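Predicted model and sequence below, questions to follow.
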Amino acid sequence: MSNWGRRIYDFVIRVFVPCPTLFDLCACLGVIGIAFLPRHLWGFYFVFYSLFITVIGFHSACRRNISMPEFTMLSLIGLIGLFIHSFIYGPKSITFQYLNFYLMFEGFIYIFFGCAMFYVLVSKGKNLRLFFVTLPIALISFFKFSIHSGRGSIIFAMAIASIIYLIMRKKYGWSLVIALFSIDLFIYKFAWFKMKFACRIPLWKDMFLDLWQHPFIGTGFNKLLIPDNMMISTSWGKTWLFKHNDYLNIVGVLGVFAIIPVLIFIRRIILQTKNSLYLIPVIGIAILCFVQMTIFSGDMALVIVCFLSLAYIENERGNTWI
């Protein structure tokens, strides 16, 4: 058998040993469908996929007992905010008529089922390595968009994550090589990166100003019947822009206290993966959420939650290969 044949054989053996359960197969194969849907249905698919694996999970044995107090905190903050801001909705208003629609894929339900998805995958999953095959398929639309428009943030997020990982492993030579390569690329493509990053700082300024109008309870879900992931940037020519910072977006919608459970969860995942290569994409995702609209996009949110579940399970059993 050739070297490539041996590598493929070893990969297949690793993916299917131990033998995946029905839940594992449903969870891993279920993400593929989002690649073939139009953008406006990604949020719906995210929610219904969460419901799907939760229902399948009723049939599955519990593989590990986990406690997620940060998800309890985040869900309660979202639920409290939902009731607080619901008082502005009159029974005959347009907002009230469309309330259920918006809550389905951009409001409290989106947050709640995102938390539920991670919890069910981790507690019920036995072998989720088939995600290595299906998650790239789920990202087909994202890859096409990245090639068409360019995504420099992804390159630098992964570069910074790799440097942090190598420094933690005391591999300073390799970290220097990656740093020099990244700096060289940045200088070579400076005009392009400047163009792609131009709106970020003015946008973040507007998001901070918007946050301090309601710092403790946030602005609420879909208050103006507009997507939670967009806003009019007064500092950028009064233009509609995506909120290229997931953390500020969460705090803006739910209030400053919402960042606490988010940081607790990030810390949990980093500590869980600190001894493996999984730490690189984990840190990369955390950085990317600071400069892009990531978890508020249904396809990316689905892939991120599934990947973090895989990383959690693999590092718990000591399997640190990717």
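Received it, and whenever you're ready, just let me know what you need.

Now do the helices in the stretch 1-150 of the chain.
All helices of the stretch 1-150 of the chain, identified by DSSP state H, counting those that start in this stretch, fall at 3-16, 22-29, 42-57, 69-86, 94-97, 99-106, 108-124, 131-138, 140-149.

what's the angle from the longest one to helix 108-124?
For helix 69-86 against helix 108-124, the angle between stretch directions is 160 degrees (axes from the mean of the first three to the mean of the last three Cα atoms, to 10 degrees).

residues in contact with helix 69-86?
99, 103, 107-108, 111-112, 115, 118-119, 217-221, 223, 253-255, 257-258, 260-262, 264-265, 268 (Cβ atoms under 8 Å, 6 or more residues apart in numbering). Just so you know, the C-beta spots here come from the backbone N, C-alpha and C atoms, and that holds for glycine as well.

how far does that helix sit from the chain's center?
Remark: helix 69-86 is offset 19 Å from the chain centroid, using Cα atoms, centre = their mean, to the nearest Å.

State the distance from residue 61 to residue 119.
15 Å (Cβ to Cβ, to the nearest Å).

Would you mind telling me which of these two has the busier surroundings?
Legend: neighbour count by other Cβ atoms under 10 Å for residue 61 and residue 119, higher for residue 119 (17 against 10).

Isn't that one up against residue 65?
No. Judged on Cβ atoms under 8 Å, residue 119 makes no contact with residue 65 at a distance of 11.1 Å.

hang on, the earlier thing: would you list the helices of the stretch 1-150 of the chain in JSON lines and tack on mean pLDDT and distance to residue 156?
Shown next, in JSON lines, are those (pLDDT from 0 to 100; distance: least, Cβ to Cβ, whole Å):
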{"stretch": "helix 3-16", "mean pLDDT": "69", "distance to residue 156": "29"}
{"stretch": "helix 22-29", "mean pLDDT": "95", "distance to residue 156": "30"}
{"stretch": "helix 42-57", "mean pLDDT": "91", "distance to residue 156": "25"}
{"stretch": "helix 69-86", "mean pLDDT": "86", "distance to residue 156": "28"}
{"stretch": "helix 94-97", "mean pLDDT": "56", "distance to residue 156": "39"}
{"stretch": "helix 99-106", "mean pLDDT": "53", "distance to residue 156": "28"}
{"stretch": "helix 108-124", "mean pLDDT": "92", "distance to residue 156": "26"}
{"stretch": "helix 131-138", "mean pLDDT": "94", "distance to residue 156": "21"}
{"stretch": "helix 140-149", "mean pLDDT": "77", "distance to residue 156": "14"}
